[in-house]
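Engineer: Next one to model:
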Amino acid sequence: MMSEQRSTVYVVDDELPVRKAVSRLLRVAGFEVAAFASPHEFLAALSVSTPGCLVLDVAMPGLNGLELQVALAERGSALPIIFLTGRADIPMSVQAMKRGAIDFLTKPVHDLDLLDAIRRALAKDAEARRARADLAEISARLATLTRREREVLLHVVSGRLNKQIAGDLGIVEQTIKVHRARVMEKMRVRSVAELVRLAERLGMGEGEVKT
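Structural biologist: A predicted model of the protein is given here:
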């Protein structure tokens, strides 16, 4: 389902000539484009479910590009950002990159540099969305476990043997074997190593699995 949804390159710049030039370049290159004159317009229209990336001007009235980057992070948006600026500003670029920006380009931007940055941004977004989808699917498997099966899972991935788990939980070893088999089946794994990897993906630590 997600793979069928086309990525959108969002362009946010208060200068109309820049918006038009960048949008034209991207459409000619085959990208789906949505352009906005201000961060507020963009935020009002943004759907976090839409894959894509953001080409963002730094200096804008009201809410500037760096402030929008922070606002998106606070909303839980992981949309990759490519910054455009009218002047080279090393402190700003360092700040933006530390917060996860893909690139920080100076206007007038070279077409090939911008297109390369956009392709990298879209690839990063696609990879991140696949990872989130995988994690959601693993979490759904975990949700099918009973409370006792979760307890057994925690003990198994911590390296405990069936006999030790039985002693810890106060039940017979044969029952542990049954629970363990059900855990492996529901989590769709064939080995303890696979189960450990899934538990790590789910953030297991300090005796619990985070979902």
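Engineer: going forward, measure contacts and count neighbours with C-alpha atoms only.
Structural biologist: Noted.
Engineer: Any buried residues in the least confident helix or strand in the chain by mean pLDDT, and which?
Structural biologist: The weakest-scoring helix or strand in the chain, judged by mean pLDDT, DSSP states H and E, is helix 90-98 (a mean of 77). Using 16 or more other CA atoms under 10 Å as the burial criterion, the residues of helix 90-98 that qualify are Ser93, Ala96.
Engineer: next helix or strand past it?
Structural biologist: strand 103-106 (DSSP states H and E).
Engineer: Mind listing the strands that next one pairs with, and their directions?
Structural biologist: strand 81-85 (parallel) (DSSP bridges).
Engineer: Now do the strand it pairs with: distance to the chain's middle.
Structural biologist: 19 Å (CA atoms, centre = their mean, to the nearest Å).
Engineer: Now do that strand: everything it contacts.
Structural biologist: Outside strand 81-85, the residues that touch it by CA atoms under 8 Å, 6 or more residues apart in numbering are 53-59, 65, 69, 100-107, 109, 117-118, 121.
Engineer: and the angle for the lengthiest helix in the chain with strand 81-85?
Structural biologist: Looking across the chain with DSSP state H, the single longest helix is helix 111-143. For helix 111-143 against strand 81-85, the angle by axes from the mean of the first three to the mean of the last three CA atoms, to 10 degrees is 150 degrees.
Engineer: Quick check: Leu63 touching Glu41?
Structural biologist: No - shown here, Leu63 and Glu41 do not form a contact pair, counting by CA atoms under 8 Å, at 10.9 Å.
Engineer: Neighbour count: those two, which is higher?
Structural biologist: More crowded of Leu63 and Glu41, by other CA atoms under 10 Å: Leu63, with 15 against 12.
Engineer: who are the neighbours in contact with that one?
Structural biologist: Neighbouring residues of Leu63 by CA under 8 Å, 6+ apart: Ser38, Pro39, His40.
Engineer: give me that answer again for 10 Å
Structural biologist: Leu63 sits next to Ser38, Pro39, His40, Gln69, Ala71 when contact means CA atoms under 10 Å, 6 or more residues apart in numbering.
Engineer: go on, Ala117?
Structural biologist: Cys53, Val55, Ile81, Ile82, Phe83, Ile102, Asp103, Phe104, Leu105, Ala123.
Engineer: Check the gap between the fifth one and Leu46 for me.
Structural biologist: Read that as Phe83. Separation of Phe83 from Leu46 (CA to CA, to the nearest Å) stands at 18 Å.
Engineer: can you check the third one too?
Structural biologist: Counting by CA to CA, the gap from Ile81 to Leu46 is 14 Å.
Engineer: Have a look at these two and say which one is more surrounded.
Structural biologist: Neighbours per residue (other CA under 10 Å) separate Ile81 from Leu46, with Ile81 holding more: 27 against 13.
Engineer: Dig out what the more buried one forms beta bridges with.
Structural biologist: As for beta bridges, Ile81 partners with Leu54 under DSSP bridges.
Engineer: Tell me who's in contact with the spatially most central residue of the chain.
Structural biologist: Centre of the chain computed as the mean C-alpha position; nearest residue by CA atoms, centre = their mean is Ala128, 4.0 Å away. Shown in contact with Ala128 (CA under 10 Å, 6+ apart): Ala78, Leu79, Pro80, Leu122, Asp134.
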